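Colleague: Would you be able to build a 3D model of this:
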Amino acid sequence: MSSTRSAKLLSGLLLGAGVAHFVVPRQFDAIVPRSLPGGPRLWTHVSGVAELAVGAAVALPRTRRAGALAAAGLFVAVLPANVKMAYDWRHRPAALRGAALARVPAQLPLVLWALRVRRNA
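Modeller: Coordinates of the predicted model:
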C-alpha cells in the first residue's frame, strides 16, 4: 500500500472515530475510566476532539509527521478505556466479550501503523 493511501486510511479512521464520539457518545461514556476527574461525557468529547484534530493533522502532508506521532500517542492513551471495556464486558455474550477483548491487543498494530505513517511522511 502506498504511504499516501495508508495516511489517508489512518486519517479516515481517526476522523470517523472522532465524529462517532459526538454522534453516539453513550458507548464512549461507558468506557471512560472512573478514576478520571470530571464526568465521562467530558472525556468522551475531549477524546473526540483529539481524534478529529489528529485525524486532520494526518490528512495534511505538511502536518502528517507530527499528526502521525500524535496518533500513536492517542492510541496508547486510549488503552485504559479498552481495558476497562474488556473488564466490564466479561459477562456479556461470547461475541461481545471477544470484540471487547480484541480491542486491547489491537492497539499495538494501530500504534505501529501510525509510526509507519510518520516514518514515511
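Colleague: so what's residue 18 up against?
Modeller: 48-53, 55 (Cβ atoms under 8 Å, 6 or more residues apart in numbering). Using the backbone N, CA and C atoms, a C-beta is placed for each residue, glycine as well.
Colleague: and it, what pLDDT?
Modeller: Model confidence at residue 18, given as pLDDT, is 97.
Colleague: gap between it and residue 55?
Modeller: Distance, residue 18 to residue 55, by Cβ to Cβ, to the nearest Å: 6 Å.
Colleague: Check residue 117 too.
Modeller: 12 Å.
Colleague: okay, and the common contacts of these two?
Modeller: Contacts common to residue 117 and residue 55, judged by Cβ under 8 Å, 6+ apart, are 10, 71.
Colleague: all helices for this protein, in order.
Modeller: Under the criterion DSSP state H, helices of the chain are mapped to 3-23, 25-29, 40-59, 64-77, 79-88, 94-120.
Colleague: which of the contacts of residue 18 are buried?
Modeller: Among the contacts of residue 18, the ones that count as buried by 16 or more other Cβ atoms under 10 Å are 48, 50-53, 55.
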